[in-house]
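A.B. asks: dropping the sequence and predicted coords here.
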Amino acid sequence: MSANAQMATKYKNNFLKEVEEQVEMGEWVKMCMQCGVCSGSCPTNFHPGWEHPPQEIFMMIRAGKREEVLTSPSMWMCTSCYNCIVRCPRKLPITHIMHGLANYAHRLGVAPKMQPTRSFAKLFWNNCVKTGRVNELKLSVGLYFKDGLSQGIRNGMAMKDVALGLLKAKRLNPFELFGGHKCKDQNGIHAMLKKARELEEKRKALKAAA
Amino acid sequence: MAKKEYAFYPGCSSQRGASASNYLTSVNAMCKTLDVKITEIPDWNCCSASIGYAEGGELPRHVLNARNFALAEKHMPGQDIVATCAACWLGARESKERLEHSSVLLQDTQEALKEAGLNIKAIPEVRHMVEVLIEDLGWNALAAPVKNPLEGLKFAGYVGCQTNRPFGISGENFENPMYLDKLIETVGGEAVPYDQKVTCCGGALAFSEPDKAQAQIKDIVESAYDHGAEMIVTPCPLCQANVEIYQGHINKKYGTKFRIPVLYYSQLMTVAYGGSAKEAGLDGQVIKAPKLEAIAGKK
C-alpha cells in the first residue's frame, strides 16, 4: 500500500485529525473563523488566483476533502511573504500551515507532479544540504534543465541577459560549477539531517498508530 | 576594542561571487566606520531559506539553524548572532522560537546535533543588522559619521516582507514600517512616500513562477517611479536581486522603460560616511547608480 493510502486508511474519514497530527502547525486549522482576510491579503491570489485560497482550504479540511486539498496546486502558490499571518485576527500561523500541507502532500507523493515551485523547492533543498551552502549557479542551471536539454537551452537563452548582467557585476561566478563554496563538516551535516528526518518520521508514525 | 561585537551569519548569497556579495562589501565598510566587529560563525551552514519547507520538513529545518546556534555558542559564547539576509534572520529566529517553545523539538534537535558532535546549551539572540544599527547603536551614532550627505537624492525605501513580517523591527507597524525611511533621512537622502513599500517581490517564485513574481515587481518599481524616486533601497538580498535583475524582462513583457537602481541601506551609509564606490560595492550593481557614484567620488 502506498504511503498515501496507508494514512488515508489510518485516519479513515477524519482528515482534520490527520492534518492536526501530521502537518506542521495543523492543530491550528480548527481556529479559523472564515473571515477571508488571508485570501484577500495574499499577493499571488490575484493573477489569476489560487484554486482554493487559504480560507477555503481550512474549510475543506474540516469538510474532509482530503484528496482535493492534498492534490491541489494551491499551497504551492505561497511566496512566504507572511502577510496572512500578521493580518489573521485569530493569529493562525497560516504561512506555516500552507508550507506544512505542501510538505505533507509532497512526502505522500500526491502533490501535483509538474508544479514548478514543488520542483524548485526540492532542487533548492538538495542543493543547499549537499555542501551545507547554496550553490547559486548549480541551482539556476538545475532549474533551467529540469525539463530536458533542449528546453534547458531555450530557458538558458531567455535568461542570458540576466546572467550576463550578474556576471559583469561579479555576482555570478562561473567556477561555482566546479565546486564552489562549501562547509567543512559536510559529513556531520548529512548525518545530523538523516537523524532529524528519522526522528521526525518516528514521531509522526507514533501519532498515527495511537 | 570594538564598540560592539557579534557572531556574524552572512548567509549563502553574501559569499564571494554570489548574488549579494556587494551587500557584504558595503556591510564591512559600514561596520568599520561604526566600530562594530562582526566575526563569521566558523563553518556556518545554509538556513534552507523559506523554500526549504517542501523537501526539508520541520525538524531538519530547525536542525540546520540549530547547528549554527551551537557553533556560535561554542566559538563566540555570549555574543548575539547577527544576520544581514532577511531569510537567514527569519529562519534562524523562527527556529529559536520553536525550539524554546517545544521541549520535544529541542530534545530531537539535540539528538540530531549529536551526529555532528554538537549540542545547544542556550540559544543566542538572533538579530538582523538593521536591529543592531537602530537598537544597539541608535540614530545619533548612525548620523554622527556622515561626511557626504546624500542631499537631493530621492529614494523609495523598499522594506519588503521578511524583515517586516512576521517578526519585524520592534515598535514598527507591519503595514507601514518607518525605519528604512528614517535610515535614508539619517544619511541625508529623501525618502519618498509610496504605496508598495511592503509588497512581496515574489520571493522564490521569481525562479519557479516568473510571471507571477514579475507582476508584483512591476507594481513595486512602477510605484517607486510614480512617486518620484530615483533609486530603490532595501534591507533584503532577495528583494534586491528580484527587483533589480528582472527589470529588462518586465520591460519586454509590459512595454515599460524601467531602469531604476536597487541598493542596500548599507551602501547608502557607506557612501554617506565618505566611503569609495568600491567600498560601497557600487561596482556590483547590475543597474548602475551614477548619482551615488558621483557622491562616493567626493573627498
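C.D. replies: Structure's in. What do you need?
A.B. asks: what about chain A, any weak spots by pLDDT?
C.D. replies: For chain A, no stretch is flagged by pLDDT under 70.
A.B. asks: please parse it into its domains.
C.D. replies: A:12-111, A:116-196 (automatic domain parsing).
A.B. asks: close to chain B, is stretch A:200-210?
C.D. replies: Yes. Stretch A:200-210 lies within reach of chain B by C-beta under 8 Å from any C-beta of the partner chain, at A:200, A:203. From N, CA and C alone the C-beta is placed, and that goes for glycine too.
A.B. asks: which residues are contacting that stretch?
C.D. replies: Residues from elsewhere that reach stretch A:200-210, judged by C-beta atoms under 8 Å, 6 or more residues apart in numbering or on different chains: A:7, A:10-11, A:21-22, B:57-60, B:104, B:108.
A.B. asks: please apply the same query to stretch B:14-22.
C.D. replies: With contacts defined as C-beta under 8 Å, 6+ apart, stretch B:14-22 is touched by A:133, A:136, A:166, A:169-173, A:175-176, A:181, B:11-13, B:23-24, B:27, B:84-85, B:237, B:240-241, B:264, B:267, B:281-285.
A.B. asks: how about the residues of the stretch 101-250 of chain B by chain A?
C.D. replies: Near chain A, when you scan the stretch 101-250 of chain B using C-beta under 8 Å from any C-beta, you find B:104, B:108-109, B:111-118, B:161-162, B:165-166, B:168, B:174, B:199-200, B:202-205, B:207-209, B:211-213, B:215-216, B:245-246, B:248-249.
A.B. asks: burial count for the closest residue to B:Gly157 other than its chain neighbours?
C.D. replies: What sits nearest to B:Gly157 in space, not counting adjacent residues and going by C-beta to C-beta, 6 or more residues apart in numbering or on different chains, is B:Leu180, at 3.6 Å. When neighbours are defined as other C-beta atoms under 10 Å in any protein chain shown, B:Leu180 has 25 of them.
A.B. asks: where do the strands of chain B begin and end?
C.D. replies: Using DSSP state E, the strands assigned to chain B run over residues B:4-9, B:36-40, B:81-83, B:126-128, B:154-157, B:190-191, B:231-234, B:262-264.
A.B. asks: among those, which comes closest to A:Tyr104?
C.D. replies: Closest to A:Tyr104 of the strands of chain B is strand B:126-128 (C-beta to C-beta; 27.3 Å).
A.B. asks: which helices and strands does the closest one pack with?
C.D. replies: If contacts are counted by 3 or more C-beta pairs under 8 Å, 6 or more residues apart in numbering or on different chains; DSSP states H and E, strand B:126-128 sits against strand B:81-83, helix B:86-101.
A.B. asks: quick check: buried residues in stretch B:193-204?
C.D. replies: B:194, B:196-204 (16 or more other C-beta atoms under 10 Å in any protein chain shown).
A.B. asks: just confirm A:Thr131 contacts A:Asp185, I think it does.
C.D. replies: No. Between A:Thr131 and A:Asp185 there is no contact under C-beta atoms under 8 Å: 10.7 Å.
A.B. asks: which stretches in chain A count as helices?
C.D. replies: A:3-10, A:15-22, A:37-41, A:54-62, A:66-70, A:83-87, A:94-108, A:116-131, A:136-144, A:149-158, A:160-168, A:186-209 (DSSP state H).
A.B. asks: okay if I get these as JSON lines plus mean neighbour count?
C.D. replies: As requested, these are exported to JSON lines (neighbours: other C-beta atoms under 10 Å in any protein chain shown):
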{"stretch": "helix A:3-10", "mean neighbour count": "15"}
{"stretch": "helix A:15-22", "mean neighbour count": "21"}
{"stretch": "helix A:37-41", "mean neighbour count": "19"}
{"stretch": "helix A:54-62", "mean neighbour count": "21"}
{"stretch": "helix A:66-70", "mean neighbour count": "20"}
{"stretch": "helix A:83-87", "mean neighbour count": "22"}
{"stretch": "helix A:94-108", "mean neighbour count": "24"}
{"stretch": "helix A:116-131", "mean neighbour count": "21"}
{"stretch": "helix A:136-144", "mean neighbour count": "19"}
{"stretch": "helix A:149-158", "mean neighbour count": "12"}
{"stretch": "helix A:160-168", "mean neighbour count": "15"}
{"stretch": "helix A:186-209", "mean neighbour count": "17"}
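A.B. asks: how about these in CSV, adding distance to B:Gly91?
C.D. replies: CSV is the format used below for the helices of chain A (distance: least, C-beta to C-beta, whole Å):
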stretch, distance to B:Gly91
helix A:3-10, 27
helix A:15-22, 22
helix A:37-41, 22
helix A:54-62, 21
helix A:66-70, 25
helix A:83-87, 15
helix A:94-108, 12
helix A:116-131, 11
helix A:136-144, 17
helix A:149-158, 28
helix A:160-168, 24
helix A:186-209, 15
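A.B. asks: that older thread, can you redo the domains of chain A as TSV with distance to chain B?
C.D. replies: Below are the domains of chain A laid out as TSV (distance: least, C-beta to the nearest C-beta, whole Å):
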stretch	distance to chain B
domain A:12-111	3
domain A:116-196	3
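A.B. asks: among the ones you listed, which is nearest B:Ala289?
C.D. replies: Going by C-beta to C-beta, the one of the domains of chain A nearest B:Ala289 is domain A:116-196, 11.7 Å.
A.B. asks: now the closest one, how far from the centre of its chain.
C.D. replies: 17 Å (C-alpha atoms, centre = their mean, to the nearest Å).
A.B. asks: what do you get for stretch A:78-96?
C.D. replies: The answer for stretch A:78-96 is 15 Å, by C-alpha atoms, centre = their mean.
A.B. asks: touching it from outside, list them.
C.D. replies: Applying C-beta under 8 Å, 6+ apart, the contact partners of stretch A:78-96 are A:24-25, A:28-29, A:31-33, A:35, A:37-38, A:41-44, A:54, A:98-99, A:102, B:50-51, B:161-162, B:165-166, B:168, B:174, B:200, B:202-205, B:213.
A.B. asks: what about A:Arg107, distance to B:Lys74?
C.D. replies: Look at A:Arg107 and B:Lys74: by C-beta to C-beta, to the nearest Å, they are 33 Å apart.
A.B. asks: what's near enough to touch B:Leu153?
C.D. replies: By C-beta under 8 Å, 6+ apart, B:Leu153 lies in contact with B:189-190, B:230-231, B:291-292, B:295.
A.B. asks: distance to A:Ser74 added to these, as TSV?
C.D. replies: Listed next are these as TSV, based on distance: C-beta to C-beta, whole Å:
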residue	distance to A:Ser74
B:Gly189	41
B:Glu190	42
B:Glu230	39
B:Met231	37
B:Lys291	44
B:Leu292	42
B:Ile295	47
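A.B. asks: please consider this matter closed, and thank you.
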